[in-house]
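Trainee: next input, structure requested:
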Amino acid sequence: GGDKQLFDIIVFNFAVNEAKAQQFAKELLNKQHGRLLAPINTSNDYWLKQTYQVMDSDGKVLWSAVDVGAWSVQFQPDVTQDTCSGIWCAPFNGFQKKR
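Mentor: Numbering: from 1, shown residues only. Below is the predicted model:
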């Protein structure tokens, strides 16, 4: 029940901090079988290395991988975070926060 439409799966195609991924999982996933896949920063606000993680609707990590085959996991950062660093981030990307 409830008025909110919950998702079976959420997939991030950019790096996020673990707390943000957990928040999305807890608030937006179907409680019975929802799953979230995201490249999670190995340390909070460290945008140069991520770990793939699959979470359930409680934000519990069910699976993770630092490397996928021979490839190290690195994604462009979450441009909405103030700590975003690199060429993808403000002021280089033209992204401006809503005031």
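
Trainee: alpha carbons only for contacts and neighbour counts from here, please
Mentor: Fine.

Trainee: from Q50, how far out is the spatially most central residue of the chain?
Mentor: Centroid check for the chain by Cα atoms, centre = their mean gives V16 as the closest residue, at 3.7 Å. Distance, V16 to Q50, by Cα to Cα, to the nearest Å: 9 Å.

Trainee: any residues in contact with both of the two?
Mentor: Overlap of the contact sets of V16 and Q50 (by Cα atoms under 8 Å, 6 or more residues apart in numbering) consists of 39-41.

Trainee: picking up where we left off before, which residues does the residue nearest to the centre of the chain contact?
Mentor: 38-41, 77-78.

Trainee: give me the neighbour count for the residue nearest to F7 when sequence neighbours are not counted.
Mentor: Distances taken as Cα to Cα, 6 or more residues apart in numbering place L29 nearest to F7, at 4.8 Å, with adjacent residues excluded. Counted with other Cα atoms under 10 Å, the neighbours of L29 add up to 24.

Trainee: quick one, phi psi at L29?
Mentor: The phi/psi pair for L29 (degrees, to the nearest 10) reads phi -90, psi 150.

Trainee: was I right about it contacting L6?
Mentor: Yes - with contact defined as Cα atoms under 8 Å, L29 counts as touching L6 (5.2 Å).

Trainee: with just CA atoms, put stretch 15-34 into PDB.
Mentor: Taking Å, rounded to 0.1, in the frame of the first residue of the first chain, the C-alpha atoms of stretch 15-34 are listed here in PDB:
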ATOM      1  CA  ALA A  15      29.700   7.900  -8.500                       C
ATOM      2  CA  VAL A  16      27.800   8.600  -5.300                       C
ATOM      3  CA  ASN A  17      28.600   8.600  -1.600                       C
ATOM      4  CA  GLU A  18      27.300   5.500   0.300                       C
ATOM      5  CA  ALA A  19      24.900   7.600   2.400                       C
ATOM      6  CA  LYS A  20      23.100   8.900  -0.700                       C
ATOM      7  CA  ALA A  21      22.800   5.500  -2.200                       C
ATOM      8  CA  GLN A  22      21.400   4.100   1.100                       C
ATOM      9  CA  GLN A  23      18.900   7.000   1.300                       C
ATOM     10  CA  PHE A  24      17.600   6.300  -2.200                       C
ATOM     11  CA  ALA A  25      17.400   2.500  -1.400                       C
ATOM     12  CA  LYS A  26      15.400   3.000   1.800                       C
ATOM     13  CA  GLU A  27      13.100   5.700   0.400                       C
ATOM     14  CA  LEU A  28      12.400   4.500  -3.100                       C
ATOM     15  CA  LEU A  29      12.900   0.700  -3.400                       C
ATOM     16  CA  ASN A  30      10.100  -1.900  -3.300                       C
ATOM     17  CA  LYS A  31      10.400  -3.300   0.200                       C
ATOM     18  CA  GLN A  32      10.100  -7.000  -0.800                       C
ATOM     19  CA  HIS A  33      12.500  -7.300  -3.800                       C
ATOM     20  CA  GLY A  34      13.900  -3.900  -4.700                       C
END
